[in-house]
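**Q** what's the 3D shape of this:
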Amino acid sequence: MFHEAVADPGELGPDALYEEYESILIDIVEERGVETVAAGSGVDEATLRALVAGESPELDHSDAAAVLALDADVDDETAVVLDRDALLMGMTNAVLDVEALSSETDGALDAREIQSKVEGRFPMTLREFALLHATIQEHAP
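**A** Sure, this is the predicted structure:
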């Protein structure tokens, strides 16, 4: 699960956190092979090849979680739910509502988008997850 994958995510900032997430995924793909990861995760081989080549393809949080789940004790759907729950709990601990979080991310996502993505009603990219997670953790007590 991405919310546990990096120590002190609030100290990194969103871009650095996203790079850490990509690095973790790249390690998994390089260790297991593109074809094996594609078969096990459902992520297409072209996207995985682009990731390993450093092209930073836009990954859905759920696709990235499917790759991460290959090295985890939980399935990809559970990982996504746990990551979203971690965002919600982090918002509670940091006393951030969706409006405040939107403001803290300089409007990268509006409050409705944040609410919908965190609740799982709209897809979230891994980059958006990194943005929200880093921002929330930066404000955590």
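
**Q** Buried ones in stretch 71-89, by neighbour count?
**A** Residues of stretch 71-89 classed as buried by neighbour count (16 or more other C-beta atoms under 10 Å): Ala72, Asp76, Ala79, Val80, Asp83, Arg84, Ala86, Leu87. Using the backbone N, CA and C atoms, a C-beta is placed for each residue, glycine as well.

**Q** My guess is the first one contacts His3. True?
**A** Put plainly, it is Ala72. No - with contact defined as C-beta atoms under 8 Å, Ala72 does not reach His3; the gap is 11.9 Å.

**Q** on that earlier part again, which of the buried residues of stretch 71-89 scores worst on pLDDT?
**A** pLDDT across the buried residues of stretch 71-89 is at its lowest for Ala72, which sits at 82.

**Q** Specify the residue positioned farthest from the middle of the protein.
**A** Glu35 (22.4 Å; C-alpha atoms, centre = their mean).

**Q** How many residues are close by the closest residue to it other than its chain neighbours?
**A** Computed as C-beta to C-beta, 6 or more residues apart in numbering, the closest residue to Glu35 that is not its neighbour in sequence is Glu45, at 6.7 Å. Glu45 has 13 neighbours, counted by other C-beta atoms under 10 Å.

**Q** what do you get for Leu131?
**A** Leu131: 24 neighbours (other C-beta under 10 Å).

**Q** and it, what does it touch?
**A** Pro14, Tyr18, Thr105, Ala108, Leu109 (C-beta atoms under 8 Å, 6 or more residues apart in numbering).

**Q** any idea of the mean pLDDT in the helix or strand it falls within?
**A** For Leu131, the host element (DSSP states H and E) is helix 126-138. For helix 126-138, mean pLDDT rounds to 95.

**Q** Stretch 23-40 too?
**A** 96.

**Q** And stretch 62-70, by the same measure?
**A** 95.

**Q** residue boundaries of the helices in this structure?
**A** Counting by DSSP state H, the chain has helices at residues 2-5, 9-12, 14-32, 34-41, 45-52, 61-68, 76-94, 98-104, 111-119, 126-138.
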